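A.B. asks: Using only what follows, build the 3D model:
(2 chains)
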Amino acid sequence: MGGFFKYLSDQVRLKQVRKARKRQVTGMITGILFVMVLVLNFIYLKHESWLSKGRLTPGHEALDCGSCHHPAEGTWRQQLQAKAKFVLGFRHSDADFGLMKVDNAKCLNCHDRPGDHHPVFRFNEPRFAEVRQELDATQCGSCHTEHTGTLANIPVKSICLNCHQDLKIKDDPLEVSHEQIIAEPIMVNCMQCHDFHGNHIMELPITLEDTISMQAIKEYLNKGTDPYSNDKFSKAITHE
Amino acid sequence: MNKIKRNFLILILAFATLNVYLFVNAPVPLPDPDQASEGKQLSVEEAFALLAQENDAARSLYTRAIVGDGKKVKLRFDEDWESGKVEAGPLPALFLRGTAAYLEKSPQPLNLFLGSDFPISAANKFSGIQEEYFTQMKEDKKPRYFFDENTDMHTAMFPDIASAGACVSCHNAHPDSPKKDWKLGDMMGATTWTFPHDSVSVRQMAALIGQYRQGAKHTYESYLKEVEGFRTTKKPAIGKRWPSEGYFLPASTVFMDSVSILISSKTLDQLLQHIESRNETK
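C.D. replies: Residues are numbered from 1 along each chain as shown, chains lettered A, B, ... in the order given. Modelled structure (predicted):
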């Protein structure tokens, strides 16, 4: 009788063991397949989009991660050491870990050009303290945040008035003077005539009727569809 | 209790291991860009003063010998010189702007700006803390040094004096100028310099001066490049001769050699004096 019960319990245990092994094998095969797909993808396919936080800025589609994200100086161990020293107060500046910060210098490597109407460095001047609180124009990324899929992620309002409120133009050629427009910014937005960095070769409108529509400006900021002109004073440096 | 003791022991061991990993058996430390390298130190005020006189020399030479004399031989200078609309060279203020833009891209975190209480472009009008200091400067025409808490930068403002006839005549004649009665010797504005550290080593100082001169050279070369692209205007001959001799422009090396002749010995003398005074105080 006892032998029969032992036989039954052995059979049950054997079934459980087989079931567990089957699960193990299935798990292993799934794991191996998953790793293979991952490895193959990283080797042969465009895997970088998986790592990207979001869509690239219009015009940057052809760039790879390494165009902007460069390895930080030193080994991971040196970087950790520098960070630890910084936290403990034995070092003046923090160190990057893994990758370097993407700063203005990276952007200017391709986008630097003479005659920029609003180069970022100008906003470092002490007198722009209030403006910096409104919009930190000292950093390219404040307006052109990467991985948002937009050209510029700024609110479409008259940020220009932070500095150009007292603008007076002698022999103003406009149908409605600049002074009037500044007094009533609702009438027309500065961007409907002027591009912020002054890089477009274009005739400036003189009448309100000829200004670029706000819809077109929004399209430009969101999708990069250029309403000003296709001719530019200088074009960004590309890999080609 | 035992569990707490065990966890504490693990924590101590982990910390000790990390300590050995990062410090005892340490790799070569990464260079600290914010730490002034060894050597005699100059205060940031002394550094600003040396740079300001370099700037005065380069800009005065450009204003007098290029713009002033150049206008006499019909060379054109315009605020839109880079736009492609006109065939002209940079006005003195834009020469400084070009140098400032170059400094911004250089490794040393040095910034340079130009402003005034009566600027041609309203966007260059002083306000806030700079306006306050500028008002004080008008009393004695002396520089002001301060720490700007908003930018976390050591800052200096130096008077910008009308030293050449071209400064006065152009500003008085410009249609957008809010002041038309400038005279030679007037304080027309001020340059503002900013730097994040309170001192620099001699080596850093040399790098800063070199950087400034490179900026001035680069801006002058941009002008010469513009000249080479003139299509409707007669191109001045670029070489050893100056506009005072006719329709000529000096090459960038000739221009920078003249800057060097004007200021190098003064800069070196002052630098040596600063080093000597540090030795005496030690």
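A.B. asks: what kind of secondary structure is B:F230 in?
C.D. replies: Using DSSP: H, G, I helix; E, B strand; the rest coil, the three-state assignment for B:F230 comes out as coil.
A.B. asks: measure it to B:P175 for me?
C.D. replies: Between B:F230 and B:P175 the computed distance is 25 Å (Cβ to Cβ, to the nearest Å). For glycine as for every other residue, the C-beta is placed from the backbone atoms N, C-alpha and C.
A.B. asks: who has more neighbours, these two?
C.D. replies: Each of B:F230 and B:P175 has its neighbours counted (other Cβ atoms under 10 Å in any protein chain shown); B:F230 has more, 13 against 8.
A.B. asks: for the spatially closest residue to that one that is not a sequence neighbour, what are its contacts?
C.D. replies: In this structure, B:F230 finds its nearest non-sequential neighbour in B:E87, 4.7 Å apart by Cβ to Cβ, 6 or more residues apart in numbering or on different chains. If a contact means Cβ atoms under 8 Å, 6 or more residues apart in numbering or on different chains, then B:E87 has B:R76, B:E226, B:F230, B:R231, B:T232, B:T233 as its contacts.
A.B. asks: Test for you: state the pLDDT assigned to the second one.
C.D. replies: According to the model's per-residue confidence, B:E226 sits at a pLDDT of 93.
A.B. asks: I'd say it and B:E82 touch.
C.D. replies: Yes - in this structure B:E226 lies within contact range of B:E82 using Cβ atoms under 8 Å: 7.3 Å.
A.B. asks: Nearest spatial neighbour of the residue nearest to the spatial centre of chain B, chain-adjacent residues omitted?
C.D. replies: Centrality entry for chain B: nearest residue to the mean C-alpha point is B:L112, 4.4 Å, by Cα atoms, centre = their mean. Distances taken as Cβ to Cβ, 6+ apart place B:A100 nearest to B:L112, at 4.1 Å, with adjacent residues excluded.
A.B. asks: Mark which of the contacts of B:E87 are buried, thanks.
C.D. replies: Under a neighbour-count criterion of 16 or more other Cβ atoms under 10 Å in any protein chain shown, the subset of the contacts of B:E87 counted as buried comprises B:E226.
A.B. asks: Between the contacts of B:E87, which sits nearest chain A?
C.D. replies: Distance to chain A, by Cβ to the nearest Cβ, is smallest for B:E226 among these, at 9.1 Å.
A.B. asks: So that closest one: helix, strand or coil?
C.D. replies: helix.
A.B. asks: and it, what does it touch?
C.D. replies: Listed by Cβ under 8 Å, 6+ apart, the contact set of B:E226 reads B:W81, B:E82, B:E87, B:A88, B:G89.
A.B. asks: what do you get if the cut-off is 10 Å, keeping everything else the same?
C.D. replies: A:P114, B:W81, B:E82, B:G84, B:V86, B:E87, B:A88, B:G89, B:P90 (Cβ atoms under 10 Å, 6 or more residues apart in numbering or on different chains).
A.B. asks: and the residues you listed, which two are the farthest apart?
C.D. replies: For those, the maximum inter-member distance is 14.9 Å, found between A:P114 and B:E87 (Cβ to Cβ).
A.B. asks: for the chain, what are the low-confidence residue spans?
C.D. replies: Going with chain A. Applying pLDDT under 70 to the predicted model, the residue ranges of chain A that meet it are A:1, A:42-48, A:156-158, A:185-187, A:239-240.
A.B. asks: Chain B is the one I meant
C.D. replies: Filtered on pLDDT under 70, chain B yields the residue ranges B:1, B:34-40, B:281-282.
A.B. asks: Ramachandran coordinates for B:S199?
C.D. replies: Geometry field for B:S199 lists phi and psi as phi -150, psi 160, criterion degrees, to the nearest 10.
A.B. asks: So it versus chain A, what's the distance?
C.D. replies: If you measure B:S199 against chain A using Cβ to the nearest Cβ, to the nearest Å, the figure is 12 Å.
A.B. asks: residues touching the residue lying closest to that residue once chain neighbours are set aside, list them.
C.D. replies: The spatial neighbour of B:S199 that comes closest, neighbours along the chain excluded (Cβ to Cβ, 6+ apart), is B:Q41 at 4.5 Å. Contact partners of B:Q41, counting by Cβ under 10 Å, 6+ apart, are B:A47, B:H197, B:D198, B:S199, B:V200, B:S201, B:V202, B:Q204, B:M205, B:H274, B:I275, B:R278.
A.B. asks: Looking at those residues, which are in helices?
C.D. replies: Cross-referencing these against helices under DSSP state H gives B:A47, B:V202, B:Q204, B:M205, B:H274, B:I275, B:R278.
A.B. asks: Going by residue numbers, what spans are helices in chain A?
C.D. replies: With DSSP H as the criterion, chain A has helices at A:2-44, A:48-51, A:65-68, A:76-88, A:104-111, A:129-134, A:140-143, A:161-164, A:178-183, A:214-223.
A.B. asks: now those in TSV, with distance to B:E131 and mean neighbour count?
C.D. replies: What follows is the helices of chain A, written out as TSV (distance: least, Cβ to Cβ, whole Å; neighbours: other Cβ atoms under 10 Å in any protein chain shown):
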stretch	distance to B:E131	mean neighbour count
helix A:2-44	57	10
helix A:48-51	48	10
helix A:65-68	39	14
helix A:76-88	37	17
helix A:104-111	27	17
helix A:129-134	12	14
helix A:140-143	25	17
helix A:161-164	14	16
helix A:178-183	21	15
helix A:214-223	33	15
